[in-house]
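K.L.:
Predicted coordinates and the sequence they were generated for:
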Amino acid sequence: MPLNRSLTRPQRPARLQSGKLRWISALLLASVALAAVGGGAWWWKQRQDAAAVASAGGAATGPNAARKPGSGPGRFGGGNVQPVSVGTVQRGDVRVVVSAIGTMSARATAVVRAKVGGELTSVRFKEGDEVRAGQVLAEIDARSYQAALSQAQGTLQRDQALLKNAQLDLKRYQDLLARDSIASQQVDTQAALVRQLEGTVASDQAQVDAARLQLSYTQVTAPFAGRLGLRQADRGNVVGPNDANGIVTINQVRPIDAAFSVPEAHLPQMRRRMAAGEELSVELWDRDSRRQLAKGRVVALDNAIDSATGTIKVKAAFANEDGALYPNQFVNVRLQVNLLQGVLTVPATAVQNNYVYLVQEDSTVTQRRIRVGVTDGDRVSVEGELREGEQVVTDGIDRLREGAKVAVIDAGAVTRADQAAQDQAAQRRAFIASLPPDVREKLQKMSPEERRAFLRERRAQMGASGAASPASASGVGAPAAAPASAPQASAAPQQQRGEAPPRAAAPQASPGAAPPAPHAAPAALADRSSEPPRGIPPQVKALLDQMPADERARVMALPQEERRAYIRERLQQQPPSPGGAASPAR
């Protein structure tokens, strides 16, 4: 018993345990109360901020305004209007095209060799030329062959004379035999001699023909029309029929063929169409599949399927009238194996995970599930609850949800605005480069305020005196040019206000920077400064016009893709027009 009492853990009083439980419960209640108070304060502050933004009309001007809470719709902006680009649902024919990689091959290839041996006396072609059939390409020393021909002709003439004499004797003998004045044996012997000489003359004639043929071989001609390769023998070389490289290689490239392989699954359909007399068209595209090289037709199918790849070889013919295709050239092949007539098509960029966003009459979007078919170029055939003429979203899909409000804008609005800004910047750089070096150096050392005043004076002088030559400026007081870099101002708002591009101030360029090469005359730039803007949508002009100068400078300093994204976000923040959700750029 004493041992058991010493090992037993003493029990705590019940009063201490109940006090600890009450203390833990009080801490939990206090934590819950603090969390409730904090959540209520946060909700009240968010509501007040949202009300303040709504009363201000969402007029954010800073470059980062789109990223502040409550200043815009964000990525998925609830009930705010989302700017999108749309495409039209159309009904038309869609080609079923099989893509493959092919290799061009000449219709015929030949190594031009000399048929007789001898010294090469002349070469009458230029490497890479296209020649016609029978055109003389080279000549071989023909003196020995001309002598052999003359010898054969002399032998022929001698034997012809002997034959003629024998024929006359035979005629006399036959007359004497008719009067019974000569033996018949002598007549028969003379007749045999005539036949012998006739054979000799025929043999001599063959020798003459052979010698004349050998002489003709001293002129090397093209066996068929085609394109020549590089010369393999020069003048003075001794050539012959046994030369491995020959004199030159010729390829027939008009027409020219292309060989490629297609999956065996398309073989039955191709054979059926070819048996019915239909033409299987084939298109050739360049390495980047951006430019079509030629268009032809299938002329033959191989007699066996490659069991290793499950494909069959196909040969197509192309006229190649411009000579742009070369043998052994790799090309992208598009073989049309079928044509689907009268099917619904949408732009390929409108399809996302077998869904499209359909723009409804109330300027909201709804999702429509579709079944995607065949793609032909930038359009794809679809099946689903779509009607011809309806509009589907092609750009801005990632910001949309079911029932979102949208404003249709021109898909190329931002691109054209950016291109216009780049053109204006290039003109300003060319204008600066056309100035004398001392004027450029003084302009770089000016402060932004001095440069603005200087350029205003320059613009006034150009407006008063017409197209003034910048080469006459030799000092600070002389007329100067526009800044060399564009980040300080946007070209689009300058064009809308009718101001000349040199008015915008630029950051001071480094003294050691080399000016770019000029490509526009200052006088022409001055004349173009008053032209109306072209290609910039009105909503983009208005947006850029509302920006302060420092914000425009920061926007123009951004890379091209970031600048487009920023302009798109700013267009997204603007409230919809009172007349409807559609944008003026539609």
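P.N.:
That came through fine.

K.L.:
Point out where the chain drops to low pLDDT.
P.N.:
For the chain, applying pLDDT under 70 flags the ranges 1-27, 30-79, 411-415, 417-418, 459, 462-537, 575-586.

K.L.:
List the buried residues of the lengthiest strand in the chain.
P.N.:
Secondary structure of the chain per DSSP state E: the longest strand is strand 90-112. Using 16 or more other CB atoms under 10 Å as the burial criterion, the residues of strand 90-112 that qualify are 94-98, 100, 102, 104-107, 110, 112. The way it works is simple: take the backbone N, C-alpha and C, and place the C-beta from them, glycine included.

K.L.:
Equivalent analysis for stretch 437-448, please.
P.N.:
For stretch 437-448, using 16+ other CB under 10 Å, the buried residues are Val439, Arg440, Lys442, Leu443, Gln444, Met446.

K.L.:
Likewise for stretch 213-223?
P.N.:
Quick answer for stretch 213-223 (16+ other CB under 10 Å): Gln214, Leu215, Tyr217, Thr218, Val220, Thr221, Ala222.

K.L.:
For the residue nearest to the spatial centre of the chain, give me phi and psi.
P.N.:
For the chain, the residue nearest the mean C-alpha position is Arg290 (2.7 Å; CA atoms, centre = their mean). Torsion angles at Arg290 (phi, psi; degrees, to the nearest 10) stand at phi -110, psi -30.

K.L.:
Okay, it and Arg107: tell me how far apart.
P.N.:
27 Å (CB to CB, to the nearest Å).

K.L.:
I'd like to know which of the buried residues of stretch 213-223 are part of strands.
P.N.:
The strands, defined by DSSP E, take in Val220, Thr221 from the buried residues of stretch 213-223.

K.L.:
can you redo the buried residues of stretch 213-223 as a markdown table with distance to Met274?
P.N.:
Shown next, in a markdown table, are those (distance: CB to CB, whole Å):
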| residue | distance to Met274 |
| --- | --- |
| Gln214 | 48 |
| Leu215 | 49 |
| Tyr217 | 44 |
| Thr218 | 48 |
| Val220 | 41 |
| Thr221 | 38 |
| Ala222 | 34 |
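
K.L.:
Look up how far Lys313 lies from Asp257.
P.N.:
Applying CB to CB, the value for Asp257 to Lys313 is 11 Å.

K.L.:
Neighbour count for these two, which is higher?
P.N.:
More crowded of Asp257 and Lys313, by other CB atoms under 10 Å: Asp257, with 23 against 16.

K.L.:
correct me, but that one touches Thr109?
P.N.:
No - look at Asp257 against Thr109 with CB atoms under 8 Å: they stay out of range, at 11.3 Å.

K.L.:
which ones are touching the residue nearest to the centre of the chain?
P.N.:
Going by CB atoms under 8 Å, 6 or more residues apart in numbering, Arg290 touches no other residue.

K.L.:
Relative to Gly377, how far out is it?
P.N.:
According to CB to CB, Arg290 stands 12 Å off from Gly377.

K.L.:
Ok, Ala147 next?
P.N.:
Ala147 is 69 Å from Gly377, by CB to CB.

K.L.:
just Asp257 next, same as before
P.N.:
If you go by CB to CB, the gap between Asp257 and Gly377 works out to 26 Å.

K.L.:
Same check on Tyr173?
P.N.:
Tyr173 is 93 Å from Gly377, by CB to CB.

K.L.:
Looking at the two, which one has more neighbours?
P.N.:
Using other CB under 10 Å as the criterion, Tyr173 and Gly377 rank with Tyr173 on top: 20 against 11.

K.L.:
if you skip the residues just before and after it, what's nearest to the more buried one?
P.N.:
Val187 (4.4 Å; CB to CB, 6 or more residues apart in numbering).

K.L.:
For Glu402, grab the count of nearby residues.
P.N.:
9.

K.L.:
Quick check: chain neighbours aside, which residue is closest to it?
P.N.:
The nearest residue in space to Glu402 (CB to CB, 6+ apart) is Gln367, at 5.6 Å.

K.L.:
so the one you found touches Tyr355, yeah?
P.N.:
Yes - counting by CB under 8 Å, Tyr355 is a contact partner of Gln367 at 5.2 Å.

K.L.:
what is in contact with the two at once?
P.N.:
Here Gln367 and Tyr355 have no joint contacts, going by CB under 8 Å, 6+ apart.

K.L.:
how about the strands in the stretch 151-300 of the chain?
P.N.:
219-221, 226-228, 238-239, 248-263, 281-285, 292-301 (DSSP state E, counting those that start in this stretch).

K.L.:
Please save the CA atoms from stretch 137-153 in PDB.
P.N.:
The C-alpha trace of stretch 137-153 is given here as PDB (Å, rounded to 0.1, in the frame of the first residue of the first chain):
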ATOM      1  CA  LEU A 137      25.300  23.200-125.200                       C
ATOM      2  CA  ALA A 138      28.900  22.400-126.100                       C
ATOM      3  CA  GLU A 139      31.100  21.500-129.100                       C
ATOM      4  CA  ILE A 140      33.900  18.900-129.400                       C
ATOM      5  CA  ASP A 141      36.800  19.000-131.900                       C
ATOM      6  CA  ALA A 142      35.200  17.600-135.100                       C
ATOM      7  CA  ARG A 143      38.200  17.400-137.500                       C
ATOM      8  CA  SER A 144      38.900  13.700-137.100                       C
ATOM      9  CA  TYR A 145      35.200  12.900-137.500                       C
ATOM     10  CA  GLN A 146      34.900  15.100-140.600                       C
ATOM     11  CA  ALA A 147      37.900  13.200-142.200                       C
ATOM     12  CA  ALA A 148      36.300   9.900-141.500                       C
ATOM     13  CA  LEU A 149      33.100  11.000-143.200                       C
ATOM     14  CA  SER A 150      35.000  12.200-146.200                       C
ATOM     15  CA  GLN A 151      36.800   8.800-146.500                       C
ATOM     16  CA  ALA A 152      33.500   6.900-146.300                       C
ATOM     17  CA  GLN A 153      32.000   9.200-148.900                       C
END
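
K.L.:
Mind listing what's buried along it?
P.N.:
Leu137, Ala138, Glu139, Ile140, Asp141, Ala142, Tyr145, Ala148, Leu149, Ala152.

K.L.:
among those residues, which are in strands?
P.N.:
Leu137, Ala138, Glu139, Ile140.

K.L.:
So which residues of the stretch 101-250 of the chain form helices?
P.N.:
Applying DSSP state H, counting those that start in this stretch to the stretch 101-250 of the chain gives helices spanning 143-178, 184-216.

K.L.:
between these, which one is nearest to Gln82?
P.N.:
Nearest of the helices of the stretch 101-250 of the chain to Gln82, taken as CB to CB: helix 184-216 at 81.9 Å.
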